[in-house]
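K.L.:
build me a model:
(one chain, ligands or ions: 1)
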Amino acid sequence: MNKNNKIPLSPAEHYRELQDRIARWDEAYHGRDEPEVPDSDYDHARLELSRLEKLHPELKHQDNPSEKVGAKPNPAFGKIRHRAPMLSLGNVFDAEEFNQFVSRAGNFLGLTEEEAQNLSFVAEPKIDGLSISLTYEQGKLVRGTTRGDGTEGEDVTENIRTLKALPLTLGQNAPDFIEIRGEVFMEKDRFFELNEEQEKRGEKIFANPRNAAAGSLRQLDPKVTARRHLGLFAYNMGASSAPVAPTHLEFLEQLRQWGFEVNPLSRLLDHARDIPAYVEQLARDRSHLNYDIDGIVFKINDIALQQRLGFVGRAPRWAIAWKFPAEKAITRLEEIEIQVGRTGALTPVAHLEPVNVGGVIVSRATLHNEDEINRLDIRVGDLVRLQRAGDVIPQILEIVPPSEGQPESQRAPKFIFPDHCPVCGAYAERLQGEAVRRCTGGLTCEAQTVERLIHFVSRNAFDIEGLGQRSIRAFYELGFIRQPGDIFRLSQHKEALLKLEGWGPQSVTNLLTAIEEKRTITLSRFIYALGIRMIGERNAALLARHYGSFQNWLTSMRALNDEKRDEYETLSAIMGIGPAIADELAAFFHEPHNETVLNDLAVQLVVEDITSPAAEGAEGRKLAGETLVFTGSLGTMSRPEAKAIAERLGAHVTETVSKKTTLVILGEKAGSKAKKAQELGVRTMNEEEWRELAGL
Ligand code: IVH
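P.N.:
Sure, this is the predicted structure:
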């Protein structure tokens, strides 16, 4: 094992070690003109030193190298923050679900059911490509950015300029600033051609047109992108300095006049009842189109209504995707493998005879858990029917009955689910009421440790390019990466990396650069990356938004296990969190090893505070820091709309009045909450004052 795995050192030891290292490098560089390490390693050691000083001011003493030269800030290469976030869409799969969506929007707007059914929609094919944001300033294209995590994406300006279907200047009516959103895709013909060429050259074959489009856009050389002939349909707007059109249909027309390609199958549908016919038609035409679509997007035509409806979570209330049914296929089950996840869950994975499902080759599917295997009565050798819906992992629906497949007598015996971890051998327990069996090996189970590391660098967490599952496993085996902080010390193994098979100087440099780029991270990504049970992206974002800064979050989480339980109560009261999640967080922070991991990361990373407006828009955060309660009925807006407006302005909205409440808005017939507010001396206002405060 490598000596670096003995880290973490205590802060004082760490500080001294860093100082020694820097002094030695200084001497080599200035004294002997023989730099021992690349500048980037030197800069990071300095940065680490100054962060350590901020966290532990008591460590600072006089001959401190960090005061001699200022550490350079770590530039985040090629990342661009979207002015308005790039969100996704909610899904419906049939007319009933679509009607529920219409009713929800109607309720929000305070419409009758009939009025809701008369809302006008624009329907557009849902292109299965990758979304892009194009920023125009003074009518000129200045930036092209991928969606990324929705908040910030990659700068692909030079590549995007090579696309034909996009104007470099907008001409008449262009606002001073505007973000145009659209989908980049590859035509099916081009996709097959490209794969043929790739095969001839012995290069990577793309799994589907979407992957091919993504790969072609993220090219270091724009000439390669140009050769791939990508298409682009424009369909929406992000931030803009001025309104463009009163309806979505007129907006699409303006896009056409500016020179964008707008999908020719986009239609205005005047009533919700006209929708099923459009869906049927497009589902039929789908296979004849030269590009992949995976559904239809419906958008309320009236932009003023869109603005009132706003967003819930990461999806608009004014638009929905009607997804086409998943594509299905039949194949044979070859083997059942038990994988151990980062929380110790034992998951059965089906190994399948490779089969083409709607253009994608599938050879693996999840079987979820022990009960699912029993429910399906699935055995090795069976023929199975499976389906794939978009990016979702393929799912096994059923076995093909033995009469159609093979005789019962020739089937393999029932699969026995193991009760010990296949990796570390520890007992795997299944708690009452739970469907999963979990390895009890905890941190001593290598599978769990490795899975946590894989999660840490995954796409929605640290998203480190070039550091995928395979490299993590290899670097773990070699002892280079045993805990998250080791990732940011990987450059110390540069020499050893260069000697590994498959790692040339360029790929090592690329990897180390990719790691450096991720030393700055958003708070929600950071929280998500830790892989705490029940803290997925949504909960990580909730926590980040609530606590605002890494320091604040950390201090509060450390207080969770205090006897007074104040912090625990606050956390459980955050809308959408609740006691079960609070328990998981408390358990995580109770484990000393996790504290060590966090301290180690804290000195190496910059976790950004949440300073920008919430995902909902850029109207400023007039009500930031306020905790609001609405009570009684409001005459001019529904309760959900009022809540959405308050949240957009930065307020935290809760249901009950407590000593944390800072403002209560009283509607008609406000009852006990009004009384409680008075008792606690909380500020109150009526609906008219509220509208004024919200700038309505
Ligand atoms: S509108 C706030 N329109 O679907 C609304 N999206 O599942 C933003 N997509 O991320 C999206 N065709 O990449 C919209 N005509 C269309 C679309 C479309 C494809 C993609 C887009 C988005 C995803 C959401």
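
K.L.:
what stretches of the chain score poorly on pLDDT?
P.N.:
Counting by pLDDT under 70, the low-confidence segments of the chain come to 1-8, 26-44, 60-77, 202, 358-360, 389-393, 403-406, 611-620.

K.L.:
around the ligand, pick out the residues from the protein.
P.N.:
Remark: the part of the chain in contact with the ligand comprises 87-89, 124, 126-127, 131, 183, 235-236, 297, 316, 319, 321, using C-beta under 6 Å from any ligand atom. C-beta here means a position set from N, CA and C on the backbone, and glycine is covered the same way.

K.L.:
run a quick neighbour tally on whichever residue of the stretch 451-600 of the chain sits closest to the ligand.
P.N.:
Among all residues of the stretch 451-600 of the chain, residue 460 sits closest to the ligand, at 14.3 Å; criterion: C-beta to the nearest ligand atom. By other C-beta atoms under 10 Å, the residues close to residue 460 number 15.

K.L.:
returning to that earlier point: let's have the residues of the chain next to the ligand in a markdown table, adding neighbour count and secondary structure.
P.N.:
Listed next are the residues of the chain next to the ligand as a markdown table, based on neighbours: other C-beta atoms under 10 Å; DSSP: H, G, I helix; E, B strand; the rest coil:
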| residue | neighbour count | secondary structure |
| --- | --- | --- |
| 87 | 20 | coil |
| 88 | 13 | coil |
| 89 | 18 | coil |
| 124 | 24 | strand |
| 126 | 24 | strand |
| 127 | 25 | strand |
| 131 | 20 | strand |
| 183 | 24 | strand |
| 235 | 25 | strand |
| 236 | 22 | strand |
| 297 | 21 | strand |
| 316 | 19 | strand |
| 319 | 23 | strand |
| 321 | 19 | strand |
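
K.L.:
hmm, which two among these are most spread apart?
P.N.:
127 and 316 (17.2 Å; C-beta to C-beta).

K.L.:
residues touching the closest residue to the ligand within the stretch 1-150 of the chain, list them.
P.N.:
Scanning the stretch 1-150 of the chain for the residue nearest the ligand gives residue 131, at 3.3 Å (criterion: C-beta to the nearest ligand atom). Shown in contact with residue 131 (C-beta atoms under 8 Å, 6 or more residues apart in numbering): 86, 146-147, 181-184.

K.L.:
circling back to that earlier point, quick one: the residue of the stretch 451-600 of the chain closest to the ligand and residue 356, what's the gap?
P.N.:
Using C-beta to C-beta, to the nearest Å, residue 460 is found at 28 Å from residue 356.

K.L.:
just checking, what packs against the strand ranked longest in the chain?
P.N.:
Longest strand in the chain, counting residues (DSSP state E): strand 327-340. The contact analysis (3 or more C-beta pairs under 8 Å, 6 or more residues apart in numbering; DSSP states H and E) places strand 327-340 against strand 346-357, strand 383-388, helix 446-456.

K.L.:
buried deepest among those, which one?
P.N.:
helix 446-456 (a mean of 21; mean count of other C-beta atoms under 10 Å).

K.L.:
tell me the buried residues in the helix or strand just after that one?
P.N.:
Note on helix 446-456: by DSSP states H and E, the next helix or strand toward the C-terminus is helix 469-478. Buried residues in helix 469-478, counted by 16 or more other C-beta atoms under 10 Å: 471-472, 475-476.

K.L.:
could I get stretch 331-349 in PDB with only the CA atoms?
P.N.:
The C-alpha trace of stretch 331-349 is given here as PDB (Å, rounded to 0.1, in the frame of the first residue of the first chain):
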ATOM      1  CA  THR A 331     -33.700 -12.400 -25.400                       C
ATOM      2  CA  ARG A 332     -32.100 -15.000 -23.200                       C
ATOM      3  CA  LEU A 333     -30.900 -14.700 -19.600                       C
ATOM      4  CA  GLU A 334     -27.300 -16.000 -19.400                       C
ATOM      5  CA  GLU A 335     -26.400 -15.300 -15.800                       C
ATOM      6  CA  ILE A 336     -27.400 -13.500 -12.600                       C
ATOM      7  CA  GLU A 337     -24.600 -11.500 -11.000                       C
ATOM      8  CA  ILE A 338     -24.900 -10.000  -7.500                       C
ATOM      9  CA  GLN A 339     -23.400  -6.500  -7.300                       C
ATOM     10  CA  VAL A 340     -22.700  -4.700  -4.100                       C
ATOM     11  CA  GLY A 341     -23.600  -1.000  -4.100                       C
ATOM     12  CA  ARG A 342     -22.200   2.000  -2.200                       C
ATOM     13  CA  THR A 343     -24.700   1.500   0.600                       C
ATOM     14  CA  GLY A 344     -24.100  -2.200   0.800                       C
ATOM     15  CA  ALA A 345     -27.300  -3.200  -1.100                       C
ATOM     16  CA  LEU A 346     -27.000  -6.500  -3.000                       C
ATOM     17  CA  THR A 347     -28.400  -6.000  -6.400                       C
ATOM     18  CA  PRO A 348     -29.000  -8.800  -8.900                       C
ATOM     19  CA  VAL A 349     -28.000  -8.000 -12.400                       C
END
